[in-house]
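Undergrad: Sequence first, predicted model second:
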There are 2 protein chains.
Amino acid sequence: MKIILIFTGKSEKGFITDGIMRYHTRLHHYIPLEIKIINVAGKFGNQEIQKIREGEAIMAQIPADSQVILLDEKGKDFTSRQFAEMINTAIHQNIRRLVYVFGGPYGVSGEIRAKADKIIRLSAMTFSHQVVRILFMEQLYRAFTIIRGEPYHHE
Amino acid sequence: MKIILIFTGKSEKGFITDGIMRYHTRLHHYIPLEIKIINVAGKFGNQEIQKIREGEAIMAQIPADSQVILLDEKGKDFTSRQFAEMINTAIHQNIRRLVYVFGGPYGVSGEIRAKADKIIRLSAMTFSHQVVRILFMEQLYRAFTIIRGEPYHHE
């Protein structure tokens, strides 16, 4: 299996990019991981139009044989163990590509919402769509240590 | 009102410290903010003893006239607006010091749990106690933009 993360908008330089790199390097030992950045040119002056354009660009990056998981504030809560279990299940179901989609500051289009096989959220709180990237990658790293039974996660 | 954050264990150099600094600078415009680091010397070889020693050191850093909020996995979920409202209420109640306590990788002692006026959590997921610092500071910054009605937070 391969994991693909689709982020909407470039990652900020500095601590955001450094944090992403930290966990990208660590994750590399467990699974092939690719990060795709959606960067739709132009200011649309309208959030809805921007979301639609971003949605089209996101769709173009999702391979046909993927399980698609949207990160969204209206999604379901998971504990770290449940999140790890979801990945482990995908591995055992021979899912070829697990694609996690992250919207921009205004979320994603209806098209992406409809495309998602699952919608999950990291928190009841709203976090910056930049900070969420670090958060998610740490969680993904944590998931693989749980799957492997390695001593990183404490209850 | 003044906000005090008590972190257990030094903040890692690199992206963690950089992220904390980013939001510390921004928060400075809204409220006096102090970060205290608990760094109990010695390896105790026993998580319970370590938590008790850390708890004692945390207690020594909590001023008498404080409202104490513990960040803990067993705490209550808040949305960003509810979290902001909790701070705003403390301001209007003339609370002098709002103290947020963050345990180490194994959590906090029973003494600290008993001392807490409120227990909250950021997520159903477990995050590294280092990454949580960035997360929380972004949320604190977000809370003040909500209180002030500034255009940072989107629903």
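TA: Cool, the structure landed. What you see is a predicted model; the values in this text were computed from it and never measured.

Undergrad: Briefly note if the helix or strand hosting A:Ile134 comes near chain B.
TA: Per DSSP states H and E, A:Ile134 falls inside helix A:131-147. Yes - looking at helix A:131-147 against chain B by C-beta under 8 Å from any C-beta of the partner chain, the contacts come from A:Val131, A:Ile134, A:Leu135, A:Glu138, A:Gln139, A:Arg142. From N, CA and C alone the C-beta is placed, and that goes for glycine too.

Undergrad: Output the contacting helices and strands for the helix or strand bottoming out on mean pLDDT in chain A.
TA: Counting by mean pLDDT, DSSP states H and E, chain A has its least confident helix or strand at helix A:47-60, which shows a mean of 93. Packing partners of helix A:47-60 (3 or more C-beta pairs under 8 Å, 6 or more residues apart in numbering or on different chains; DSSP states H and E): strand A:2-8, strand A:33-38, helix A:110-115.

Undergrad: Pull out the buried positions in that helix.
TA: By neighbour count on 16 or more other C-beta atoms under 10 Å in any protein chain shown, the buried set for helix A:47-60 is A:Gln50, A:Lys51, A:Ile52, A:Arg53, A:Glu54, A:Gly55, A:Ala57, A:Ile58.

Undergrad: what's the most distant pair in these?
TA: By the measure C-beta to C-beta, A:Gln50 and A:Ile58 form the most distant pair in the buried residues of helix A:47-60, at 12.2 Å.

Undergrad: Show me the longest strand that occurs in chain A.
TA: Ranked by residue count and defined by DSSP state E, the top strand of chain A is strand A:66-77.

Undergrad: Provide the strand pairings for it, with the direction of each partner.
TA: Here strand A:66-77 has these sheet partners by DSSP bridges: strand A:97-102 (parallel), strand A:118-121 (parallel).

Undergrad: The first one versus helix A:131-147: what angle between them?
TA: In this case it means strand A:97-102. Orientation of strand A:97-102 against helix A:131-147 (axes from the mean of the first three to the mean of the last three C-alpha atoms, to 10 degrees) gives an angle of 150 degrees.

Undergrad: what residues does strand A:97-102 touch?
TA: Strand A:97-102 is contacted from outside by A:1-8, A:58, A:62-63, A:65-71, A:87, A:90, A:108, A:112, A:116, A:129, A:132-133, A:136, using C-beta atoms under 8 Å, 6 or more residues apart in numbering or on different chains.

Undergrad: what does the shortest one give?
TA: Outside strand A:118-121, the residues that touch it by C-beta under 8 Å, 6+ apart are A:67-78, A:83, A:86, A:113.

Undergrad: Just the buried ones from the residues you listed, in ChimeraX syntax?
TA: Buried members of the contacts of strand A:118-121 can be picked out in ChimeraX with the line below, counting by 16+ other C-beta under 10 Å:
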select /A:67,68,69,70,71,72,73,78,83,86,113
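
Undergrad: and whichever helix or strand A:Gln82 is part of, what does it pack onto?
TA: Counting by DSSP H and E, the element that carries A:Gln82 is helix A:80-92. Applying 3+ C-beta pairs under 8 Å, 6+ apart, one finds that helix A:80-92 contacts helix A:131-147.
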